[in-house]
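In: give me a model of this one.
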Amino acid sequence: MKNILLIILTITCIYNANAQTWTNYHDGYKKNYCLAMTDSLIFVGCDRLINVYSTEGVYKYSKRTDGDVYSSSIDNEGNIWFSNKFNLLKFDGENWSTYRPDISEDMECSTVTCDKSNNIWATFSSYSTDDACVSKFDGINWQNYSTFGDTITITNANQIVIDTNNVVYIGIDVDGNNWFYGIVRISATDTTIFHYGNSDCSIAWQHSSYLDKNNNVWFGGGYNDLLRYDGTDWFREGDDAELHNKSFYAIFMDTADNLWLGTPTGLFVKNEDSWIEYNEENELELDYIWDIKSDEDNNIWMAASPNPNYSGSDANNGCLIKYNETGFTHYYPNTFRGEPQKIVFRNDEIWVKSGDAVSIFKDGAWHINEIDETIPYSNINDMVVDSDNNIWLATSDALYKININNNIEAITNILGHDLLGNRSLAALEDNIWLNFSSYLLKFDGQNWIEIDITGLPTTYFNKIQPVNSNEIWVGTNSGAMHYIDGEWHSYTETEGLGSNTVRDIAVEDNNIWFATSSGVSVFDGVEFTTYIQDSAIIANYNSNTSIHIDKKGHKWVGCPKGIYRFDNYNFHFMQPNDIDELINYITEDADGNVWVAGRHGLSKYTFAPANIENNLVNKTALEFYPNPATNDFNIILPKGTINDIVEIYSTTGSLVLQQKVQTGTNNIN
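Out: Prediction:
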């Protein structure tokens, strides 16, 4: 039987689409590579990110980038330039813009700097084809150098330094010669190449460059390669015993002519004839030093990361370090840490679980792994909150219950079962479900009971979704399972499920929705219906990872490319961070904001009622036909209706359909 839709004009509302906005939050705890300093701000280039601090070390914000940011420079007009994977990124104080020469698409940018004539110089290399070039940009045109003379072809280019006479020095690798590494010098009148065949200039893997106040050009490389050029000769400066087997990623000279060298294992400072070493064992928290610069007050700043070969710190971490007369001070961003995987809300707190941290936002600041030092933060598999505001954390060998005062109960054995291999948690009011090893336990607020899961296709649960205190759905890699009245029922592709890989589940009245690896499936109690993007099958858009139904009835579906809002008829695709991004989790706060945990950050979707236009359109300005309708109907809208949204609700207040509409006739299915 077909449903008859009667259109009631007096309750129809049209909303302006611009009232819906995304707010993005980034994990600023990234490897730090380079520094750029103005009179008030410090820009730190990181993994796919730029962190911005004040010169007092106060974190301001993070700017997501397309690639890792290894190099930065400030031009004569105060614009800041960054190497950004395949492009150059420029910030003029208000706007960000990208630039790239006309070169092969696979060439990546590693270094950028500016000469005295305000030309931008950058190095590009392709690590798959051994092609490279040096590019100069005058603000309008690019000039590319990939060869010098008839026999020298560049296979890699890295590090640029420009002296006070506007002479450019660039580290290069070449092919087709009896030498492989060298430095090319480009002046207004000639080009000279230095290498071990014609001078004492041999530096493999150019990691750093620097111009000191005496106009000496420095290059640092791997394994004791530290070279200085005084305009006539090259000198080897890395042969001291303290520097044995070191690679030099940062070079700096302070106002007292002390030489500072950043290496992967610490900071070395030469005071007169002796070296002082700083590392994680004495005064540094992180000691892979990538860049060193000073501010106008002669404070020395460093971009630092941990050395993954021996450091106890997270290898993906980074920090900003300042040195002055009082010693070293370390600065970290005020944001969450790690790739967000789960979000829960407790009163005014936002708890974010990542692969190695629990970040809690409260009182205007983020607190990282501060609940208790006994909790193994890098070992948390799932996190939920119950109706009493207890936070539950499942690790590989324990279950932690944290009450509102952050008092902790560590549970390692329940009903004679050691809690090993804890997989997934679920909470509904004061009920808790825990899946571990080959068991499923339920806590009813007072006691634990065991639910028999022997004989199921699998005991490894991706998701537990409670319907009420006695009914749950479970998503697995072997289909969906339903537990009700003490019995289990299994559903697979044979019964119409989109895929046997069920990653997330959401409940809507009497319908159960499933995010599967092959589309979105809904079960109405009798049969399954699966929705897919036909035009996007090969692009992995239908490999759904998460699903959430908000208070208005919107269905949000995550995939490896971004997020969909599904209205039961159409998919509205969005990218919270404006990039392809795997969505790990979707939830909603008490104010109706939808929160998304993506691979590259947290995103909050807000519908702002203050920005709604045409809240209630004059019914005389609208035309509907036919009315009543069986399958579809048409809405005719007046002039000036551009990219607005029509929302249709049932008589019970549930959202039936949401669709963009414009001036003229709009067909509604």
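In: residues touching residue 94, list them.
Out: For residue 94, the contact set (C-beta atoms under 8 Å, 6 or more residues apart in numbering) is empty. Glycine gets a C-beta too; all of them are placed from N, C-alpha and C.
In: what about it, distance to residue 31?
Out: Counting by C-beta to C-beta, to the nearest Å, the gap from residue 94 to residue 31 is 27 Å.
In: quick check, pLDDT for residue 266.
Out: Confidence at residue 266, expressed as pLDDT, is 95.
In: let me redo that: residue 663
Out: 70.
In: for burial, what's the neighbour tally of it?
Out: 13 (other C-beta atoms under 10 Å).
In: quick check: it touching residue 637?
Out: Yes. Assessed by C-beta atoms under 8 Å, residue 663 is found in contact with residue 637 at 5.7 Å.
In: list phi and psi for the residue positioned nearest the centre of the chain.
Out: For the chain, the residue nearest the mean C-alpha position is residue 600 (1.7 Å; C-alpha atoms, centre = their mean). Here is the backbone geometry of residue 600 (degrees, to the nearest 10): phi -110, psi 10.
In: I'd like the distance between it and residue 245.
Out: 36 Å.
In: again, but for residue 271
Out: 22 Å.
In: please apply the same query to residue 329.
Out: 30 Å.
In: same check on residue 109?
Out: Distance, residue 109 to residue 245, by C-beta to C-beta: 30 Å.
In: which of those two has more neighbours?
Out: residue 109 (26 against 9).
In: next, the residues that contact the helix or strand in which the more buried one is found from outside, please.
Out: Per DSSP states H and E, residue 109 falls inside strand 108-114. Strand 108-114 is contacted by residues 67, 70-76, 81-88, 100, 120-127, 157-162 when judged by C-beta under 8 Å, 6+ apart.
In: so who does the residue nearest to the centre of the chain touch?
Out: With contacts defined as C-beta under 8 Å, 6+ apart, residue 600 is in contact with 26, 27, 48, 64, 339, 577, 579, 581.
In: make TSV out of those residues and add distance to residue 474.
Out: Formatted as TSV, these follow (distance: C-beta to C-beta, whole Å):
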residue	distance to residue 474
26	34
27	31
48	35
64	36
339	25
577	31
579	33
581	27
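In: among those, name the buried ones.
Out: 26, 27, 48, 339, 577, 579, 581 (16 or more other C-beta atoms under 10 Å).
In: what bits of the stretch 451-600 of the chain have low per-residue confidence?
Out: 534-539 (pLDDT under 70).
In: could you redo the last one with a cut-off of 80?
Out: Across the stretch 451-600 of the chain, residues meeting the criterion (pLDDT under 80) sit at 533-540, 569.
In: how about the contacts of residue 600 in JSON lines, adding secondary structure and distance to residue 395?
Out: Putting these into JSON lines (DSSP: H, G, I helix; E, B strand; the rest coil; distance: C-beta to C-beta, whole Å) gives the following:
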{"residue": "26", "secondary structure": "coil", "distance to residue 395": "27"}
{"residue": "27", "secondary structure": "coil", "distance to residue 395": "21"}
{"residue": "48", "secondary structure": "coil", "distance to residue 395": "29"}
{"residue": "64", "secondary structure": "strand", "distance to residue 395": "31"}
{"residue": "339", "secondary structure": "coil", "distance to residue 395": "18"}
{"residue": "577", "secondary structure": "coil", "distance to residue 395": "29"}
{"residue": "579", "secondary structure": "coil", "distance to residue 395": "32"}
{"residue": "581", "secondary structure": "coil", "distance to residue 395": "27"}
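In: nearest to residue 366 among these?
Out: Using C-beta to C-beta, residue 27 comes nearest to residue 366 of the contacts of residue 600, at 10.1 Å.
In: didn't the closest one look like it was pressed against residue 598?
Out: No. The pair residue 27 / residue 598 is not scored as a contact, 10.5 Å apart, by C-beta under 8 Å.
In: can you check which residues contact both of these two?
Out: residue 340.
In: quick check, residue 540 in contact with residue 560.
Out: Yes. Using C-beta under 8 Å, residue 540 is in contact with residue 560, at 5.1 Å.
In: after the helix or strand residue 322 falls within comes which helix or strand?
Out: Element membership for residue 322, per DSSP H and E: strand 319-324. Downstream of strand 319-324, the first helix or strand assigned by DSSP H and E is strand 327-331.
In: and that following strand, what's buried?
Out: Result for strand 327-331 [16+ other C-beta under 10 Å]: buried residues 328, 331.
In: low-confidence ranges, this protein, go.
Out: Residues of the chain that meet the cut-off, pLDDT under 80, sit at 1-20, 149-151, 176-177, 204, 308-316, 533-540, 569, 607-669.
In: by residue count, tell me the biggest strand in it.
Out: If you go by DSSP state E, the chain has its longest strand at strand 152-162.
In: whichever helix or strand comes after it pairs with which strands?
Out: Toward the C-terminus, strand 152-162 is succeeded by strand 168-175 as the next helix or strand (DSSP H and E). Sheet pairing for strand 168-175, assigned by DSSP bridges, gives strand 152-162 (antiparallel), strand 181-186 (antiparallel).
In: can you give me the strands in the stretch 151-300 of the chain?
Out: With DSSP state E, counting those that start in this stretch as the criterion, the stretch 151-300 of the chain has strands at 152-162, 168-175, 181-186, 191-195, 208-211, 217-220, 226-229, 234-236, 250-253, 259-263, 266-271, 274-278, 288-294, 300-305.
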